[in-house]
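**Student:** Any chance you could fold what I've pasted below:
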Amino acid sequence: MKIHGKHIYILLGLVVVGSISAHSDSVQTVQNFGHTNKEIKQEEDQLFVIDSIKAVVYGQQRTDIITFSDEIRPSLDGSQQSLDDLVLSKLICQDAARFKMEPDDEAVNKHLEAVQRENNLSLDDLKSIFKQAGYTYEEGRAQFKSITAIGTMVDFRIRSRLIVPEREIQAYYLDHPEIEETAYQIEIAQVSCPSGMDHDRFMDKIRELVHKGESSLDVSWAEPFWIKKSDVAQNKEFLMTMDVGTIALGSQSAAGVELFRLKNKKEEHLRTLEERYNEIAEILKRPKYNELFEGYKKELFANAAIVYFK
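**Tutor:** Numbers count the residues shown, from 1 in each chain. This next block holds a predicted model:
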């Protein structure tokens, strides 16, 4: 339920203000239902807006307030959230409280400790990251608590119900065949021309060794990698005609030569159901996820009252 603040007579439109006065050190509170972040002047005191209420979320478990500073401050990951996003987050967290699925302080501590271990961060490093994002340490902890609660509820309310029947996966596979193009597993080695050796003589020696085969070459090969046929550069098309285990000369310079070895090759083929099973399951889950999430949102908003302030 949406209610706009100008239509109700309650004292939730209070704007927090600061006061600078030549005659008084007092701080005053001013009601302002119509505008936010507006400078307010009095004859003797100059008042300025520090923050204001943008929305109040009345849920089944508690009431949450969203302020102007909440709306303009990026989330911990740096993304900007709209007021609607913030309202939905509050509603999901309230739902988590209803099912007693909000993490307690001990769970938040364990989560943050795991983040520190995985990223080799000290507590001071973590506090510094929070500060750079515009949060105090306690505010950062509160954000982690909300993120965890939301993830838990999405798993409980939506992902646990995402079951794709086997017949749907098989039908999608048959209706959407996918060809895997030829791919080559390549190794590269850089061979330097020995100091004092004539370059032409060096190249003749390399060609002779390449002709004899890989067993005659004593070089350090880089980590092998796969490349698809469509990604092979025009000046490297010789890779497509090589046999597995053979070596070819690449670019040459005064410093040496580049060698290519074909370690393995996958011919073009129709991808099997086994290869694509998980991928297809995820594709079919997306519309179901969206449908369930929209239903969940409607349920949350139907059981809450939101008061918006302009």
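
**Student:** What ranges does the stretch 151-300 of the chain have for its helices?
**Tutor:** Per DSSP state H, counting those that start in this stretch, the stretch 151-300 of the chain carries helices over the ranges 166-175, 199-212, 273-302.

**Student:** quick one: contacts of the shortest one?
**Tutor:** For helix 166-175, contacts defined as C-beta atoms under 8 Å, 6 or more residues apart in numbering pick out L273, R276, Y277, I280, A281, I283, L284. For glycine as for every other residue, the C-beta is placed from the backbone atoms N, C-alpha and C.

**Student:** what do you get if the cut-off is 6 Å, keeping everything else the same?
**Tutor:** For helix 166-175, the surrounding residues in contact (C-beta atoms under 6 Å, 6 or more residues apart in numbering) are L273, I280, A281, L284.

**Student:** For that helix, buried residues please.
**Tutor:** Buried residues in helix 166-175, defined by neighbour count with 16 or more other C-beta atoms under 10 Å: I169, Y172, Y173.

**Student:** before we move on, the earlier item: any idea which of the contacts of helix 166-175 is the one closest to T152?
**Tutor:** For those, the minimum distance to T152 (C-beta to C-beta) is 22.4 Å, reached by A281.

**Student:** From what I see, that closest one and L162 are in contact.
**Tutor:** No. Under the criterion of C-beta atoms under 6 Å, A281 makes no contact with L162, lying 9.0 Å away.

**Student:** With adjacent residues omitted, what lies nearest to E180?
**Tutor:** Ranked by C-beta to C-beta, 6 or more residues apart in numbering and with sequence neighbours excluded, the top spatial neighbour of E180 is R271, at 4.9 Å.

**Student:** Correct me if wrong: the one you found contacts P177.
**Tutor:** No. The criterion here is C-beta under 6 Å, and R271 misses it with P177 at 8.0 Å.

**Student:** And the two? Which one has more around it.
**Tutor:** Relative neighbour count places R271 above the other of R271 and P177, with 13 against 9, counting by other C-beta atoms under 10 Å.

**Student:** List phi and psi for the more buried one.
**Tutor:** When read as degrees, to the nearest 10, the backbone of R271 gives phi -60, psi 140.

**Student:** And V232, by the same measure?
**Tutor:** Main-chain torsions, V232, degrees, to the nearest 10: phi -70, psi 130.

**Student:** what about it, how many neighbours?
**Tutor:** Neighbour count of V232, defined by other C-beta under 10 Å: 17.

**Student:** Which residue is the nearest non-sequential neighbour of it?
**Tutor:** Among residues not flanking V232 along the chain, L239 sits closest, at 5.8 Å (C-beta to C-beta, 6+ apart).

**Student:** again, but for A248
**Tutor:** Among residues not flanking A248 along the chain, F260 sits closest, at 4.9 Å (C-beta to C-beta, 6+ apart).
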